[in-house]
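Asks: Test case, fold it:
(2 chains)
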Protein chains: 2
Amino acid sequence: MTTKVGYLGPKGTFTKIAVDALFSGEEKQSYMTIPECIDAVKHGHVTYGVLPLENALEGTVNVTLDYLIQYKMLKIVSEVVVPIRQHLMVHPDHRDDWKDITTIYSHPHAIAQCHRFLHNGMKHVPTETFTSTGAAAQYVSEHPESKFGAIANTLAATEYGLDIVKENIHDFSNNHTRFVVLHKNDIQWSSPRLESKGYKTTLMISLPTDHAGALHQVLSAFAWRKINLSKIESRPMKTGLGNYYFLVDVEQKMDDILIPNTIAEIEALGCSAEVLGSYPYFICENV
Amino acid sequence: MTTKVGYLGPKGTFTKIAVDALFSGEEKQSYMTIPECIDAVKHGHVTYGVLPLENALEGTVNVTLDYLIQYKMLKIVSEVVVPIRQHLMVHPDHRDDWKDITTIYSHPHAIAQCHRFLHNGMKHVPTETFTSTGAAAQYVSEHPESKFGAIANTLAATEYGLDIVKENIHDFSNNHTRFVVLHKNDIQWSSPRLESKGYKTTLMISLPTDHAGALHQVLSAFAWRKINLSKIESRPMKTGLGNYYFLVDVEQKMDDILIPNTIAEIEALGCSAEVLGSYPYFICENV
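Replies: Down below sits the predicted model:
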């Protein structure tokens, strides 16, 4: 079977930027929803699945995590961080009179992210929403007769032949999205295009009851071993309000002693700990 | 000035359900984006702003938090948790032949949330996306001649006169969204419609450097006082990769001794702690 990479589409989205940053010659297959893409990996229709894990325009962290934790059979084999940069783009015919545009199209979250620019520089230009920034860019490219603008990323500009007339119009310059690469097995994966910035191990830890000291005890098990945590997040279990689990990112590769001993200790405290993946992470600088 | 409540629109969304659950006679004003609604509170165009804080279809947690932390002048005065329940609905003319619907319209995240139902029960029916579940319901209501279905909530069914033909088609039954009520000042607010389930205090804690022990030390300050944390989340600062702050929900009202002493201790460790609000929380059961 040829290697196929599934991702959350459509074309011209940040997920596709992540795919192109990590992979090279493989066949790419876009899916309309996160669960469809996860199913495709599970059933072997694609080898890898690339999905947003947090802070994405097109999908929420919850959907990827819920299905990942529910199925439990997929592993995270890589992560890539992509900066979110939004640009104002128009059809090349309107390159010079872009300040006269009459409507700006984009995804609602992208419009929200560019609030200050729109409020200060484009106050009287109405905005209209599309379900993706890519779809907005496509619409603008198909209407050269109208003075339309789109807010989207560089890939969408290239994909649909639009000219960027105002760069980096998003309010917060350090917005990033994390994407994960999923695979059926816990394989060692490395990108043919990017160099790894280090390793991470993601653990899902659930506490028996939601009491003040349990989380503190769990973190002690990491702290006294000087294991650095780059992320910790409590999330409600799907079994009801008041039950929580914790997602913890450890800043090192799974080893034979430190992490397994930490897990054994956490379990001895009456908690459970599961490794969702131990993987290299990448940063995509040029977007 | 009459009391006005701003919220993230349009009509028929989960945010509107939160508004209707908490408020009664006040004038309601919908905004297209989260920053627009926050601006409206800041400039006094509305008294309260109701926005999703996590896990919402219409907005991401990041946008509300980013602007809340950036402006720093607004306080959280209340929280309401709304269960996310999705239903399949059709025009009343198609109540009996709903199994023959030819297209299902909804928000992309709602389609993702109902993956199993769509995959098992409606496999050959194509889905089309709208920017909100409310807009999808409106479209279906305006096309009685076509056998269309929408996935949306009960409010959308009522608002647009559609009949629910299949209830609770979402995959995970314990999905909830948290909404916060924002106000210019740290006032004592109580809902005229719902009874409070308790109090919470939300703190933003930033660590001087991202090292293994700092978070553990901070949590110790809560743990030895037996202050229960119902949520903890690390989030990247907007100043660059690698800098984190923590959002912590304490399960009690701001007091004169325990929380102020904890904050003083955290600050003595070289961290900073800021109270985003101390407020009653509500649960909206009937959606």
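Asks: can you pull the pLDDT of the nearest residue to A:Pro280 once chain neighbours are set aside?
Replies: Leaving out its chain neighbours, the residue that sits closest to A:Pro280 by C-beta to C-beta, 6 or more residues apart in numbering or on different chains is A:Ser196, at 3.7 Å. To be clear about C-beta, it is placed using only N, CA and C from the backbone, and glycine gets the same treatment. Among the per-residue scores, A:Ser196 shows a pLDDT of 95.
Asks: Pretty sure A:Ser196 sits against A:Phe282.
Replies: Yes - if you go by C-beta atoms under 8 Å, A:Ser196 and A:Phe282 touch, sitting 6.0 Å apart.
Asks: which SS class is A:Ile263?
Replies: Assigned by DSSP: H, G, I helix; E, B strand; the rest coil, the conformation of A:Ile263 is helix.
Asks: Repeat that for A:Gln138.
Replies: In the three-state summary, A:Gln138 is assigned as helix, counting by three-state DSSP.
Asks: So the residue lying closest to it once chain neighbours are set aside versus A:Leu118, what's the distance?
Replies: Spatial nearest neighbour of A:Gln138, excluding adjacent residues (C-beta to C-beta, 6+ apart): A:Tyr160 at 5.3 Å. From A:Tyr160 over to A:Leu118 the distance is 21 Å, taken as C-beta to C-beta, to the nearest Å.
Asks: Mean pLDDT per element in chain A, and the minimum belongs to which helix or strand?
Replies: The helix or strand of chain A with the lowest confidence, counting by mean pLDDT, DSSP states H and E, is helix A:61-71 at a mean of 78.
Asks: now the angle between helix B:61-71 and that helix, please.
Replies: Relative orientation of helix A:61-71 with respect to helix B:61-71: 140 degrees, computed using axes from the mean of the first three to the mean of the last three C-alpha atoms, to 10 degrees.
Asks: Output the contacting helices and strands for the helix or strand following helix A:61-71.
Replies: Downstream of helix A:61-71, the first helix or strand assigned by DSSP states H and E is strand A:75-83. Strand A:75-83 sits against helix A:14-22, strand A:176-183, strand A:272-283, with contacts defined as 3 or more C-beta pairs under 8 Å, 6 or more residues apart in numbering or on different chains; DSSP states H and E.
Asks: What pairs with the last one, parallel or antiparallel?
Replies: Applying DSSP bridges to the sheet, strand A:272-283 is found paired with strand A:75-83 (parallel), strand A:198-206 (antiparallel).
Asks: mind showing which ranges of the stretch 1-150 of chain A have poor pLDDT?
Replies: Regions of the stretch 1-150 of chain A meeting the criterion pLDDT under 70 cover residues A:1, A:55-61.
Asks: rerun at 80
Replies: Regions of the stretch 1-150 of chain A meeting the criterion pLDDT under 80 cover residues A:1, A:9-13, A:54-63, A:70-72.
Asks: Now do the helices in it.
Replies: With DSSP state H, counting those that start in this stretch, the ranges of helices along the stretch 1-150 of chain A come out as A:14-22, A:34-42, A:61-71, A:108-113, A:115-121, A:133-141.
Asks: And for the stretch 151-287 of chain A?
Replies: Along the stretch 151-287 of chain A, the segments classed as helices by DSSP H, counting those that start in this stretch run A:154-159, A:212-223, A:258-268.
Asks: and chain B, which of the ones you listed is closest to it?
Replies: helix A:212-223 (3.9 Å; C-beta to the nearest C-beta).
Asks: any idea of the mean pLDDT for the closest one?
Replies: Here the average pLDDT along helix A:212-223 is 83.
Asks: between it and strand A:272-283, how many degrees?
Replies: Inter-element angle recorded for helix A:212-223 and strand A:272-283: 50 degrees (by the same axes, to 10 degrees).
Asks: Please see if helix A:212-223 touches chain B.
Replies: Yes - looking at helix A:212-223 against chain B by C-beta under 8 Å from any C-beta of the partner chain, the contacts come from A:212-213, A:215-216, A:219-220, A:222-223.
Asks: Excluding chain neighbours, what is closest to whichever residue of the stretch 51-200 of chain A sits closest to chain B?
Replies: Going by C-beta to the nearest C-beta, chain B is nearest to A:His115 of the stretch 51-200 of chain A, at 3.6 Å. Nearest in space to A:His115, with sequence neighbours left out and distances taken as C-beta to C-beta, 6+ apart, is B:Pro35 at 3.6 Å.
Asks: Could you measure from the one you found over to B:Gly6?
Replies: Distance, B:Pro35 to B:Gly6, using C-beta to C-beta: 12 Å.
Asks: and if you look at A:Val46?
Replies: If you go by C-beta to C-beta, the gap between A:Val46 and B:Gly6 works out to 44 Å.
Asks: ok, now A:Ile76?
Replies: Taking C-beta to C-beta as the criterion, A:Ile76 is separated from B:Gly6 by 39 Å.
Asks: Please apply the same query to A:Gln252.
Replies: Taking C-beta to C-beta as the measure, A:Gln252 and B:Gly6 are separated by 46 Å.
Asks: can you check A:His183 too?
Replies: Between A:His183 and B:Gly6 the distance is 45 Å, computed by C-beta to C-beta.
Asks: try A:Gly44
Replies: Using C-beta to C-beta, A:Gly44 is found at 49 Å from B:Gly6.
Asks: quick one: which of those two has more around it?
Replies: B:Gly6 (25 against 10; other C-beta atoms under 10 Å in any protein chain shown).
Asks: Show me what that one is bridged to.
Replies: B:Gln29, B:Gly49.
Asks: Dead centre of chain A: give me the residue that sits there.
Replies: The centroid of chain A falls nearest to A:Pro52 when counting by C-alpha atoms, centre = their mean (2.6 Å).
Asks: you'd agree that residue is up against A:His176?
Replies: No - here A:Pro52 does not reach A:His176: they are 11.0 Å apart, not a contact under C-beta under 8 Å.
Asks: returning to what we had before: any chance of the helices of the stretch 151-287 of chain A in JSON lines, plus mean neighbour count?
Replies: Below are the helices of the stretch 151-287 of chain A laid out as JSON lines (neighbours: other C-beta atoms under 10 Å in any protein chain shown):
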{"stretch": "helix A:154-159", "mean neighbour count": "20"}
{"stretch": "helix A:212-223", "mean neighbour count": "21"}
{"stretch": "helix A:258-268", "mean neighbour count": "16"}
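Asks: how about JSON lines for those helices, with distance to A:Thr131 added?
Replies: JSON lines is the format used below for the helices of the stretch 151-287 of chain A (distance: least, C-beta to C-beta, whole Å):
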{"stretch": "helix A:154-159", "distance to A:Thr131": "14"}
{"stretch": "helix A:212-223", "distance to A:Thr131": "38"}
{"stretch": "helix A:258-268", "distance to A:Thr131": "41"}
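Asks: any idea how chain A splits into domains?
Replies: Partitioning chain A according to automatic domain parsing yields domains covering residues A:4-83+A:176-283, A:87-166.
Asks: For A:Asp20, which residues are in contact?
Replies: Contact analysis of A:Asp20 by C-beta atoms under 8 Å, 6 or more residues apart in numbering or on different chains lists A:Leu155.
Asks: Distance-wise, check it relative to A:Gly12.
Replies: On the measure of C-beta to C-beta, A:Asp20 and A:Gly12 end up 11 Å apart.
Asks: Overlap in contacts, those two.
Replies: Where contact means C-beta under 8 Å, 6+ apart, the residues bridging A:Asp20 and A:Gly12 through contact with each are A:Leu155.
Asks: For stretch A:268-281, buried residues please.
Replies: Along stretch A:268-281, the positions that meet the burial threshold by neighbour count (16 or more other C-beta atoms under 10 Å in any protein chain shown) are A:269, A:271, A:273, A:275-281.
Asks: Apologies, that question was intended for stretch A:114-125.
Replies: Across stretch A:114-125, burial judged by 16+ other C-beta under 10 Å covers A:114-115, A:117-118, A:122.
Asks: Can you give me the end-to-end span of that stretch?
Replies: Criterion C-alpha to C-alpha, to the nearest Å; first-to-last residue distance in stretch A:114-125 is 13 Å.
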